[in-house]
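Sharing a model that was predicted from the sequence below.
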Amino acid sequence: MTFTVVVPAAGVGRRMGADCPKQYLPLAGKFLIEHTLERLLNHPRIERVVVALNPADDFFATLPVASHPRLRTTLGADERAGSVMNGLARVETEWVLVHDAARPCLTHGDMDKLIQAALAGDGAILGSRVRDTMKRADAAGHIVATVERDHLWHALTPQMFRTAELRQALLAGLHAGASITDEASAMELAGKSPKMVEGRADNIKVTRPEDIALAALFLSQQEQLA
Ligand SMILES: Nc1ccn([C@@H]2O[C@H](COP(=O)(O)OP(=O)(O)OP(=O)(O)O)[C@@H](O)[C@H]2O)c(=O)n1
Ligand SMILES: C[C@](O)(CO)[C@H](O)COP(=O)(O)O
């Protein structure tokens, strides 16, 4: 069985504060998104990748990967969940993975673990255990509570579900005006209980300026270990 990956890549990278969307920042000799797409397209069980692009994006088409035979594009939306919904419209496989364009350090080992766990139930997501003590602060930045961190995880991507179920859950969540920041939150709202799969902590989402150097370090470390 093979799968499709939807890659939301329509963000503007506000927190990065760069002069271009962060998915097009230079990283280890390529553009960031090229690393992400290469890892997805090179996995033996991925038959197609659908990239959701910002309507104003006229750069992606200039990349060699844009003409990859197993890559399709679609229009992104104002919110990540909408971009994912648009991507799902081009998915024909029974199961779909959703992976942030901004996560270039994903490994095939983590993809294999996720696929095995997802197929065994209601779907699954990659995550990494919280390592620090977690605090909740009020609007003024004063600590109001220490959050119990046992069984607390960072949700990562890819997140993998049956395509029809995810479509339905996202549609319902968006219609209800729910805050859907990842696919699992829509599935949870639909009453599902996706499996959390422990993934590598180097599968970071490049979000702020300091993340670029970290991603470069992780990519070089992974290359040395390959
Ligand atoms: N309307 C949106 C917003 C985000 N994304 C994508 O979703 C992923 C995770 O989003 P995030 O890290 O928040 O990216 P940005 O929205 O670009 O970052 P910021 O919130 O700092 O602007 C990214 O690959 C981004 O391109 C998307 O496809 N459509
Ligand atoms: C999907 C995600 O990467 C899981 O942690 C995260 O929710 C994306 O959030 P963002 O605000 O769109 O970066």
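Okay, I see it. Residues are numbered from 1 along each chain as shown. Ligands and ions are numbered 1, 2, ... in the order given.

contacts and neighbour counts: CA atoms only from here.
OK.

contacts for the strand ranked longest in the chain?
Here the longest strand in the chain is taken by residue count, with DSSP state E as the criterion, and it is strand 153-162. By C-alpha atoms under 8 Å, 6 or more residues apart in numbering, the surrounding residues in contact with strand 153-162 are 94-100, 103, 111, 114-115, 118, 122-130, 183-184, 203-205.

Could you tell me which of the residues you listed are located in strands?
In strands, judged by DSSP E, the following of those are found: W95, V96, L97, V98, A124, I125, L126, G127, S128, R129.

which of the contacts of strand 153-162 count as buried?
The neighbour-count test (16 or more other C-alpha atoms under 10 Å) marks 95-100, 103, 111, 114-115, 118, 122-129, 183-184, 203-205 as buried among these.

can the lowest-mean-pLDDT helix or strand in the chain be found next to ligand 2?
Of all the helices and strands that make up the chain, helix 210-225 has the lowest average by mean pLDDT, DSSP states H and E, namely a mean of 94. No. Legend: contact between helix 210-225 and ligand 2 by C-alpha under 6 Å from any ligand atom is lacking; minimum distance shown is 12.9 Å.

again, but for stretch 42-57
No. If you take C-alpha under 6 Å from any ligand atom as the test, stretch 42-57 misses ligand 2, and the best it gets is 13.3 Å.

Can you point out the buried residues in that stretch?
Of the residues in stretch 42-57, those buried under the neighbour-count criterion (16+ other C-alpha under 10 Å) are I46, E47, R48, V49, V50, V51, A52, L53, N54.

elements contacting the one helix or strand the fourth one maps to?
When you say that, I think you mean V49. Taking DSSP states H and E as the definition, one finds V49 inside strand 46-53. The criterion is 3 or more C-alpha pairs under 8 Å, 6 or more residues apart in numbering; DSSP states H and E, and the helices and strands that strand 46-53 contacts are strand 3-9, helix 32-41, strand 71-75, helix 80-88.

Looking at these, which is nearest to ligand 2?
Minimum separation from ligand 2 across these (C-alpha to the nearest ligand atom) falls at helix 80-88, 5.8 Å.

how about that closest one as PDB, C-alpha atoms only?
Presented in PDB, the C-alpha positions along helix 80-88 are these (Å, rounded to 0.1, in the frame of the first residue of the first chain):
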ATOM      1  CA  ARG A  80      -2.900  26.100   7.700                       C
ATOM      2  CA  ALA A  81      -6.000  23.900   8.100                       C
ATOM      3  CA  GLY A  82      -7.500  25.400   5.000                       C
ATOM      4  CA  SER A  83      -4.300  24.800   3.100                       C
ATOM      5  CA  VAL A  84      -4.500  21.100   4.200                       C
ATOM      6  CA  MET A  85      -8.100  20.900   3.200                       C
ATOM      7  CA  ASN A  86      -7.300  22.200  -0.300                       C
ATOM      8  CA  GLY A  87      -4.500  19.600  -0.500                       C
ATOM      9  CA  LEU A  88      -6.800  16.800   0.500                       C
END
